[in-house]
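In: pasted the sequence and its predicted model underneath.
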Amino acid sequence: MKPASIINLLLLSAIAVTFATTAPAQPFKGPFGASEWQLSAAPLHPGQPGVSPFWNTFAPRFIYAPAFDYKPVPGAATYRFEITSTAAGVAPAFNPPPGAAAPTRNSKLETRNSPPQLLTFTAPHPWSPLTPIWTSLPVGNFTLRVTALSPDGKPLGTAGTGTYYRAAPYDGPYLAPVIPYDASGKLALEKALSKPYVQYWLTHKEPDFGYYFYRFPKLYGALITGAVAQARLHPGTDEAARMTELARIVADYTISISFPKGSHLEYFPPSYYGKTVGTGKRKNSHVQINNYMIIGAAETGHAYLNLYDLTGDKKYFDAALRIAQTYQKTQLPSGTWTLYINHETGQPTAPQPAIPTSTIAYFERLKNDYKVEGLQPAIDRAFAWVMENPAKDFFWLAQYEDIALTNAKKYERMSREQPCDLAIYLFKTRANDPKMVALAEDLIRFCEDQFITWEQMEDVLIHGGAKRQPFRDDAQPPGWYSRNWLLPVVHEQYNFWMPSARNTGLMIETYWQAYQVTKKEVYLSKAISIANNFTRVQSLHDGEYPTFFTTYPLNYWLNNSIYPAIVMIQLQKDLAAIDRAPQKQ
């Protein structure tokens, strides 16, 4: 079968599942469901005392069999794990993974018409992964009790208890594209750039602060990149000239408000800007004019380089280079940077270090595409820090301007952007190293495990974190409830577990890089499923990529439309190059 035919078959199978409601129920809907369900029994970087930390203390749910930090009970020889499912579904019938003990079930419920209410197994440690029962556990909520047993099998006490959620592994492909991906991206980009507060730049040469999110200058960099992309899509036209002018205006303004020469962060644009910053109801807000999040300048640097590539105007290259030089001067001996600092004094405003994956990628672009010398030592130090820290202990701390971390506990506020960044970097630079490729694939599994919802979960309210509250129509705007998510979705972070467009776009890019290196069809299928959903969500939101993938309109961040629009346009090109670009069905 030709490659293009494979993709069409996958898409047609998704359509059949969607509309053939009278067909007999099957355990799996797609060609990858069985293998993905089986693979979900393999634990992901499981914790083990003295060997590896338990990174999942605050995890909202699990696709892969978890292990928990339950404590040993003195005198115990073994531990009995009792898992009670409260889910309404049925797990597919599977044999246990090789080497795993078969789970036992409540014999009264051993039918295919009701869920397995009780699953048990015995293990030597209270922190043993739930692998032996995981493929027998249906999607949904479950409770766990681990009881210590004496050598003769008598209970000695409880090692730990908890309530958790078993999430659905991938069983796609899902949906079909409403329009081709490049048409979708172009439409979303045009919609974003036609906003009145974007056009305002052309006549006023400054931001319209009536648009609340212009208080975050990272949006200026996104706007530069979006305008450059639009100009390239319409070469030699009035639109190209107008978008080039827009990009120049925004870039010149960003340069003008950047920190002056001689300051601690010279030539970096501010993280927060405008008269309304720090004046809201929360007087002790983390969002203050003198605060700075160190990783933000790299994104602006990329925007300057994009504009330089379009215009050839060296002042934009020089601006990008100066940002890199300031990064070099402020790099800590450890190899990273402090995430939040006072830009006037250079002193930390929170103790956490940055995860410098975006800075590494920025340096690599300058080194490889523009032959800038002297960056390799800084790259090596930053990469070594990443490999010795989050790549080992899986402490993927969320890196966002509007999230205060001063009192955050370790693993309490995690995200998936930096794991994606590192996975992409490893696929691009270490493709011939099996250990690095394996790590990159584990990073993808982490992102899926914690931040991707492939299929509808129990209805929860997500506001300020992955808080599970019963659905009430009057509790919050309906877009905050999972029943109104448009799946599949990618969530932003533990502290704001909402499905957002930029994060979803980043997963497309990550899966594409994984497919390029491994040639595993499941990665391509996952990228396509997410891309398909972009076109559906767009069709329900007047052609826009909304910031949050819900059926209801919520806050609109420009960067959350611009970045995925560019990703979607590129995906169509990439798929066409391998004759796998699906068209509208």
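Out: Perfect, I can see it now.

In: quick check: residue 340 vs residue 567, distance?
Out: For residue 340, the distance to residue 567 equals 28 Å [Cβ to Cβ, to the nearest Å]. The C-beta positions use only the backbone N, C-alpha and C, and glycine is treated the same way.

In: thought residue 447 was touching residue 414?
Out: No: in this structure, residue 447 sits apart from residue 414 without contact. The criterion is Cβ atoms under 8 Å, and the distance is 10.5 Å.

In: quick check: which element contains residue 299?
Out: Residue 299 is part of helix 296-311 when elements are defined by DSSP states H and E.

In: by contact count, what packs against that helix?
Out: Other elements packing on helix 296-311 under the criterion 3 or more Cβ pairs under 8 Å, 6 or more residues apart in numbering; DSSP states H and E are helix 218-233, helix 238-257, helix 314-330, helix 357-370.

In: what segments of the chain are strands?
Out: Under the criterion DSSP state E, strands of the chain are mapped to 78-85, 104-105, 118-123, 140-149, 155-166, 291-293, 340-342, 452-453, 489-493, 496-499.

In: by mean pLDDT, show me the worst of those strands.
Out: The stretch with the lowest mean pLDDT among the strands of the chain is strand 104-105, which comes in at a mean of 36.

In: now do stretch 69-80: distance from first to last residue.
Out: Taking Cα to Cα, to the nearest Å, stretch 69-80 runs 15 Å from one end to the other.

In: nearest residue to residue 309 other than its sequence neighbours?
Out: Nearest residue to residue 309 in three dimensions, chain neighbours excluded: residue 228, at 7.7 Å (Cβ to Cβ, 6 or more residues apart in numbering).

In: please read the previous query as pertaining to residue 408.
Out: Taking Cβ to Cβ, 6+ apart as the measure, residue 408 lies nearest to residue 352, with 7.5 Å between them; neighbours along the chain are not counted.

In: that neighbour: what's it in contact with?
Out: Under the criterion of Cβ atoms under 8 Å, 6 or more residues apart in numbering, the contact list for residue 352 reads 338-340, 397, 405, 408.

In: can I get the helix holding residue 299 in PDB? Just the C-alpha atoms.
Out: What follows is helix 296-311 as a C-alpha-only set of coordinates in PDB (Å, rounded to 0.1, in the frame of the first residue of the first chain):
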ATOM      1  CA  GLY A 296      11.800  35.500  27.300                       C
ATOM      2  CA  ALA A 297      14.600  37.300  25.400                       C
ATOM      3  CA  ALA A 298      15.400  34.300  23.200                       C
ATOM      4  CA  GLU A 299      11.900  34.400  21.600                       C
ATOM      5  CA  THR A 300      12.400  38.100  20.800                       C
ATOM      6  CA  GLY A 301      15.800  37.300  19.400                       C
ATOM      7  CA  HIS A 302      14.300  34.800  17.000                       C
ATOM      8  CA  ALA A 303      11.800  37.400  15.900                       C
ATOM      9  CA  TYR A 304      14.600  39.900  15.100                       C
ATOM     10  CA  LEU A 305      16.400  37.200  13.100                       C
ATOM     11  CA  ASN A 306      13.200  36.400  11.100                       C
ATOM     12  CA  LEU A 307      12.900  40.100  10.200                       C
ATOM     13  CA  TYR A 308      16.600  40.300   9.300                       C
ATOM     14  CA  ASP A 309      16.100  37.200   7.000                       C
ATOM     15  CA  LEU A 310      13.200  39.000   5.300                       C
ATOM     16  CA  THR A 311      14.700  42.500   4.900                       C
END
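
In: check the offset of that helix from the chain's centre.
Out: Helix 296-311 sits 23 Å away from the centroid of its parent chain (Cα atoms, centre = their mean, to the nearest Å).

In: and the angle from it to helix 238-257?
Out: For the pair helix 296-311 and helix 238-257, the angle between their directions (axes from the mean of the first three to the mean of the last three Cα atoms, to 10 degrees) equals 140 degrees.

In: tell me which residues in helix 296-311 are buried?
Out: Within helix 296-311, the residues scored as buried using 16 or more other Cβ atoms under 10 Å are 296-308, 310-311.

In: looking at those, which is nearest residue 442?
Out: Comparing the buried residues of helix 296-311 against residue 442 with Cβ to Cβ places residue 298 closest, at 24.7 Å.

In: once you drop chain neighbours, what's closest to that closest one?
Out: With sequence-adjacent residues excluded and distances taken as Cβ to Cβ, 6+ apart, residue 298 is closest to residue 362, at 4.0 Å.

In: any idea how far residue 533 is from the one you found?
Out: When distances are taken as Cβ to Cβ, residue 362 and residue 533 turn out to be 29 Å apart.

In: so who does residue 314 touch?
Out: Residues in contact with residue 314 (Cβ under 8 Å, 6+ apart) are residue 308.

In: remind me which residues of the stretch 51-200 of the chain are low pLDDT?
Out: Counting by pLDDT under 70, the stretch 51-200 of the chain contains low-confidence residues at 88-116.

In: same thing but 50
Out: 94-116 (pLDDT under 50).

In: any chance you could map the helices in it?
Out: Under the criterion DSSP state H, counting those that start in this stretch, the stretch 51-200 of the chain carries helices at the ranges 131-134, 181-193, 196-204.

In: can you redo these as CSV with mean neighbour count and distance to residue 489?
Out: Formatted as CSV, the helices of the stretch 51-200 of the chain follow (neighbours: other Cβ atoms under 10 Å; distance: least, Cβ to Cβ, whole Å):
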stretch, mean neighbour count, distance to residue 489
helix 131-134, 26, 23
helix 181-193, 22, 16
helix 196-204, 14, 26
